[in-house]
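Asker: Provided below for reference: sequence and predicted model.
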Amino acid sequence: MKSPFGNMGNILKQAQAMQEQMAKIQEQAASKTANGTAGGGIVTVTANGAMQIVSVAIDPEVVKSGDVDMLQDLVVAATNDALRKAKELMEGEMKALTGGMKIPGLF
């Protein structure tokens, strides 16, 4: 006898498998990194796929200049660049998993 729900069981299994794969990708996100730079490499910020800043590198020469406002602007720009690249990295991972389907709440 055919199930009155048709392929619903298979669809639910596929959804559960996809959910498990997404959880794995999110767990692995902390190990994937993206670098953002500003000022031609004067400031480099590294962010991971979990959208956490993991390092900041500043050229000592810019510190010696004493231009605090410029340094602050460079740090902000490099941070935003790193976070944008990390987000794109994780969106690419999820897109590969979901076949490009937009799922609300994922990156």
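Answerer: Cool, the structure landed. This one's a predicted model, so the numbers in the text were calculated from it and none came from an experiment. Residues are numbered from 1 along each chain as shown.
Asker: from here on, contacts and neighbour counts on C-alpha atoms
Answerer: Will do.
Asker: what is the subsequent helix or strand relative to the helix or strand of the chain with the lowest mean pLDDT?
Answerer: Sorted by mean pLDDT, DSSP states H and E, the helices and strands of the chain end with helix 8-28, the least confident at a mean of 79. Moving toward the C-terminus from helix 8-28, the next helix or strand (DSSP states H and E) is strand 33-38.
Asker: quick one: contacts of the least confident helix or strand of the chain?
Answerer: By C-alpha atoms under 8 Å, 6 or more residues apart in numbering, the residues outside helix 8-28 that reach it are Gly49, Ala50, Glu93, Met94, Leu97, Thr98.
Asker: repeat for stretch 39-47
Answerer: 33-38, 53-59, 62, 74-75, 78-79, 82-83, 86.
Asker: which of these fall within helices?
Answerer: Secondary structure from DSSP state H places Val62, Leu74, Val75, Ala78, Thr79, Ala82, Leu83, Ala86 of the contacts of stretch 39-47 in helices.
Asker: the last one: how many residues sit nearby?
Answerer: In other words, Ala86. With neighbours defined by other C-alpha atoms under 10 Å, the count for Ala86 comes to 25.
Asker: before we move on, the earlier item: the contacts of helix 8-28: which two are farthest apart?
Answerer: By the measure C-alpha to C-alpha, Ala50 and Thr98 form the most distant pair in the contacts of helix 8-28, at 18.7 Å.
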